[in-house]
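# The amino acid sequence is not available; the structure is as follows:
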């Protein structure tokens, strides 16, 4: 029996290094399968999604992952237009969706929502983003991309730039990186530094420095992970305009990077990375999106098959 | 040839006791099939849904039922955001959907809409709720749940509590129960009593009494069917608050019920049934939701296969 | 290898007469296949749709076409409720959807959007309507309907009536008809005549006359193609009311038509064609919708299979 069978995927913190490596190996296998073999993996299985917070990207990533392994998807992509408007509790909605499907994919604004759902559901629950910190499938996608493109994770210098305060993705990635021996540079405007209540936990497992200047670190990084800075996060526009330019990754910055460094982004991207960068060999964010499809297909395949695939 | 092949499902009134029993027997069989056998039943068939009134629950129930028997679903879940905004008639929309699919599932605010659609469509039409009275697949789901959980319907004492005036579900259930020898207690606030224009028809087939007090009947019931009371149905809030508490089913009420009685609810539930009741052996409303998936799969399978399944 | 394999479908202008005829022959074959053979054609393939302009009709036509040949569909039916609200570029959205699917179907308000998308996407792109002129799959559906119902296109007298200024469908049809030897009558209110910047191109390939009176031509037409006149296109309501009645096709007009003439409409129809006409043998607009499903299935099948089907 594979150890992920019938298990919930709630937090990246629940995964050991050994488990992550097993998932990566399975993802390698998933990629190598031909499409007709892949379609047998979850043939006739149904994924039920409940998105209390709309996220087209994440929903389509799961939808296409499930389709690629022969399953289908149904659910509610924007819960505000559903029965729950009538006031149905999360618990009841989860119970019903666990009747309608073989696995639940939940996105919710609140921390703990997925853990709560997993206690109620008869079927395994995958957290597709919740609260301020958790987005485990994104973290697995990101870690797999690093592993695949750099051939290793241990020993890398990783810069994470942008909105480190509100970016759920960043926290999940940092917790995931905690399993590896990495050197992390957190680069953000002063007002968007990582939250101090989280640094305590992260520091237990990771060496990181904080800085406001991307240029100071650009030449030493193996991985540059860029996130979006949302204008609305700033108290006034002036402050936004002040920092905005300094975090745009353009050809000039890429020129300063190590030859074999890679640039990642969870997408969607607005203008944090100039489109001129897309053509450089360092740009791996679209590759990352593709790996996201395969890592999700892998997680679904492992969770829904007693003997894996 | 099975008698349901290619037939519309418009009103519960169109079904004889014999037909209902045949559907129940087929549902038993549906449940016993393993999932790969089930997926052959409507393999490659397409369900087309047209929801003029949004109902996530009913739509997902059909969607998951169709997926479980190998078919797929497409359609319009909220017609206000569609071409019909441009003023297309129901007739034209139905004609087109009958080209795009093998069976139509229609939800509409108006009485008679499904009958009308069935006259236009080349493909069979299933009424997924229309007007004030008709929701035949819900009634079949409810009757099946009673039969399955109580091993019979004849001879039972059935209490129906809540909003009996506006609840479409209640009327369909009562018409369905008209095929059986049952003893019905209708329990509601004075202002939400069953509509007098319907009682004439219902009385022809069913003995029922009306009452405002749930406590007076709770100890004699075999089945307690709870429906939601919507605040907005009351002329003023004061009147609402007056009756509200007396129709909430909590542990205290369950304690007064017969040991083998069952509690049903069409869902979604707001607070008509306390969550503490969920764990009692009497609570069968989530089981009822699951049976809804199987009864719908059965109806689709019978309607779309000349020789049944 | 079939010549349509892996090719984009951007403009009807890109298709030669020979290519159109090949598509028609393939559509004939598609119609003759039984449903289980059809489902093998795109088994396990995924269509990704991106609708920047909602069009339920076109989306469902593609969705049902893809389902009929064994594939599935996913995507965004109304892009305003998606990630692109966060400001993602069309280019990025296209890149991601080309990762999630095997073929892209794009609907967009801007001319050139599909050509642009096809340059970005690794996967073939089908234009499902863009800008003011292009809707190639609708034109192919229309031409196929004429061919199928009249047994030929060359030599026909074709009247196109309604809003010729804003109707994207009309332009695509005219460009498609440019491959044939036809005699075209354009009939519209003065203010909704075909745009002069397009007539230059169209005149190179087609003989057409312009007129405001449908009655003057009704008895000579082999094909009457009716389009909707939208009230909001008129500067004032009075002008609208003046012309409105004269373009409604009723039984009286049908009586004046040649016995074997056919009436087409891209749908949805409001009141341009009276419902009394639906029952005449001339009415072929619902047949046209059905052919639309088969021509789209054919285009998908040819584009996604190296050796056709």
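Received, thanks. Since the structure is predicted, the reported quantities are computational estimates derived from the model, not experimental observations.
# Please give the three-state secondary structure assignment for the residue of the stretch 151-300 of chain A found nearest chain B.
For the stretch 151-300 of chain A, the residue positioned closest to chain B under CB to the nearest CB is residue A:300, at a distance of 15.4 Å. For every residue, glycine as well, the C-beta is placed using N, CA and C. For residue A:300, the secondary-structure state derived from DSSP: H, G, I helix; E, B strand; the rest coil is helix.
# wouldn't it be in contact with residue A:71 here?
Yes: in terms of CB atoms under 8 Å, residue A:300 counts as a neighbour of residue A:71; the distance is 7.2 Å.
# Which one of those two is surrounded by more residues?
Of the pair residue A:300 and residue A:71, residue A:300 is the one with more neighbours under other CB atoms under 10 Å in any protein chain shown, namely 29 against 25.
# Wait, residue A:304 touches residue A:123, no?
No: between residue A:304 and residue A:123 no contact is recorded; they are 9.4 Å apart, counting by CB under 8 Å.
# which of those two has more neighbours?
Between residue A:304 and residue A:123, counted using other CB under 10 Å, the more crowded position is residue A:304 (24 against 21).
# Look up the pLDDT of the more buried one for me, please.
As summarised for this prediction, residue A:304 has a pLDDT of 98.
# just residue A:86 next, same as before
Looking at residue A:86, its pLDDT is 61.
# Residue A:233 now?
Confidence per residue is given as pLDDT, and for residue A:233 that number is 73.
# Low-confidence stretches in the stretch 1-150 of chain A?
Applying pLDDT under 70 to the stretch 1-150 of chain A flags residues A:80-86.
# Which stretches in it count as helices?
With DSSP state H, counting those that start in this stretch as the definition, the stretch 1-150 of chain A shows helices at residue ranges A:17-32, A:35-38, A:56-68, A:90-100, A:113-120, A:136-150.
# Show me which positions of the last one end up buried.
Using 16 or more other CB atoms under 10 Å in any protein chain shown as the test for burial, helix A:136-150 gives A:136-150.
# So which residues make contact with that helix?
Contact with helix A:136-150 is made by A:9-12, A:14-15, A:20, A:23-24, A:27, A:58, A:126-129, A:153, A:156, A:158, A:169, A:172-173, A:175-177, A:222-223, A:225, A:260, A:262, A:264, A:266, A:284, A:287-288, A:291-292, A:294-296, A:299, as judged by CB atoms under 8 Å, 6 or more residues apart in numbering or on different chains.
# can you list the residues of the stretch 101-250 of chain A near chain C?
Residues of the stretch 101-250 of chain A lying near chain C by CB under 8 Å from any CB of the partner chain: residue A:228.
# And the residue of the stretch 101-250 of chain A closest to chain C?
Closest residue of the stretch 101-250 of chain A to chain C, CB to the nearest CB: residue A:228 (7.8 Å).
# what do you get for the stretch 151-300 of chain A?
Checking the stretch 151-300 of chain A residue by residue against chain C with CB to the nearest CB singles out residue A:268 as nearest, at 3.8 Å.
# correct me, but that residue touches residue A:58?
No: using CB under 8 Å, residue A:268 is not in contact with residue A:58, being 10.9 Å away.
# Let me see the domain layout of chain A.
A:12-135+A:290-304, A:137-289 (automatic domain parsing).
# now the end-to-end length of the longest one.
Here the two ends of domain A:137-289 are set 12 Å apart, with distance taken as CA to CA, to the nearest Å.
# quick revisit: pick the most deeply packed of the domains of chain A.
domain A:12-135+A:290-304 (a mean of 21; mean count of other CB atoms under 10 Å in any protein chain shown).
# rewinding a little: and the residue of the stretch 101-250 of chain A closest to chain C, what element?
Residue A:228 is part of no helix or strand when elements are defined by DSSP states H and E.
# repeat for the one 10 residues further on
Here residue A:238, judged by DSSP H and E, is contained in helix A:237-244.
# pLDDT (mean, whole number) over that helix?
Mean predicted lDDT for helix A:237-244 stands at 79.
# Please apply the same query to stretch A:293-300.
98.
# Give me the residues contacting it.
The contact list for stretch A:293-300 (CB under 8 Å, 6+ apart) reads A:4, A:9, A:23, A:26-27, A:30-31, A:38, A:41-42, A:47, A:61-62, A:64-66, A:68-69, A:71, A:103, A:126, A:137, A:140-141, A:144, C:99-100.
# joint contacts of residue A:304 and residue A:123?
Applying CB under 8 Å, 6+ apart, one finds that residue A:304 and residue A:123 are jointly contacted by A:102, A:103.
# can you pull the contacts of residue A:221?
Contact partners of residue A:221, counting by CB under 8 Å, 6+ apart, are A:157, A:158, A:159, A:185, A:257, A:258, A:261.
# now do residue A:95
Residues counted as contacts of residue A:95 (CB under 8 Å, 6+ apart) are A:120, A:121, B:286, B:289.
# and of the buried residues of helix A:136-150, the nearest to chain B?
Using CB to the nearest CB, residue A:137 is the member of the buried residues of helix A:136-150 that lies nearest chain B, at 22.5 Å.
# how far away is the residue nearest the centre of chain A from residue A:130?
In chain A, the C-alpha nearest the mean C-alpha coordinate belongs to residue A:138, at 1.3 Å (CA atoms, centre = their mean). Computed with CB to CB, to the nearest Å, the distance linking residue A:138 and residue A:130 is 12 Å.
# ok, now residue A:37?
Here residue A:37 is placed at a distance of 33 Å from residue A:130 (CB to CB).
# Am I right that residue A:166 is in contact with residue A:230?
Yes: checked against CB under 8 Å, the pair residue A:166 and residue A:230 is within contact range at 7.3 Å.
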